[in-house]
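coords please:
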Amino acid sequence: MSLKMANINREYLRSVVFGVEDSLVSTTGLIAGLSAGAASRKVVVLGAIVAMVVEAISMGAGEYLSDDAVQDLDKLKRPRERPSVSGLLMFTAYFLAGFVPLVPVLLLTYPGSVWVSVIFALCGLFVLGYLKGRVLKTSPFRGGLKILVVGGLATLLGVVVGLVFRLV
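Just a heads-up that it's a prediction; the model follows:
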């Protein structure tokens, strides 16, 4: 099945890419940072679940409100349901992508599962960029690499913060 650019709504694509990328980076950074700083599986799982739910709601609400404000400001002739759909897409993308780094921590032996989480998230970032490149008819490999590098650096910072503020 081939997606045609004419069938892709620009704002919806932005919401999904932003939601997935932000969740993979934020949730993985949180998991890795908490693991480095707290060394407790319960703390890591609780932190990840709370962050996924709160951030997904926040991102979805923020997407809705910002789209709604732009429509009001520009008096756009877009359908009124667009902010609602964008907000729902952001929420769903963020929430579901959060499971990519969380599932290994839930299913595998802790703390080694954290490294699997990081690897899964980095792979997810690359796949997101690759798919974005395919959909937009740009270089899929370059798109994957770009999102992988940017997201990977953000994840690395999460680990560094966890190590700096490590709880004994």
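
V43 reaches A36, doesn't it?
No - with contact defined as C-beta atoms under 8 Å, V43 does not count as touching A36 (11.5 Å). For the C-beta atoms, the positions are set from N, CA and C on the backbone; glycine is no exception.

For the helix or strand hosting F141, which outside residues touch it?
F141 belongs to helix 140-164 when assigned by DSSP states H and E. Helix 140-164 has contacts (C-beta atoms under 8 Å, 6 or more residues apart in numbering) with 21, 24-25, 28-30, 32-38, 118, 121-122, 125-134, 136.

V43 and A36: which has the busier surroundings?
Counting neighbours by other C-beta atoms under 10 Å for V43 and for A36 shows that A36 has the greater number, 21 against 14.

out of everything not next to it in sequence, what's closest to the more buried one?
G162 (3.4 Å; C-beta to C-beta, 6 or more residues apart in numbering).

residue boundaries of the helices in the chain?
Taking DSSP state H as the criterion, the chain carries its helices at 10-38, 41-74, 82-97, 99-107, 113-136, 140-164.

Output these as a markdown table; include the columns mean pLDDT.
Listed next are those as a markdown table, based on pLDDT from 0 to 100:
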| stretch | mean pLDDT |
| --- | --- |
| helix 10-38 | 91 |
| helix 41-74 | 89 |
| helix 82-97 | 93 |
| helix 99-107 | 96 |
| helix 113-136 | 94 |
| helix 140-164 | 86 |
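
Find the residue closest to the residue nearest the centre of the chain in space, skipping its chain neighbours.
With distances taken as C-alpha atoms, centre = their mean, the residue of the chain nearest its centroid is S23 (2.2 Å). Distance criterion C-beta to C-beta, 6+ apart; nearest residue to S23, sequence neighbours excluded, is A97 at 3.8 Å.
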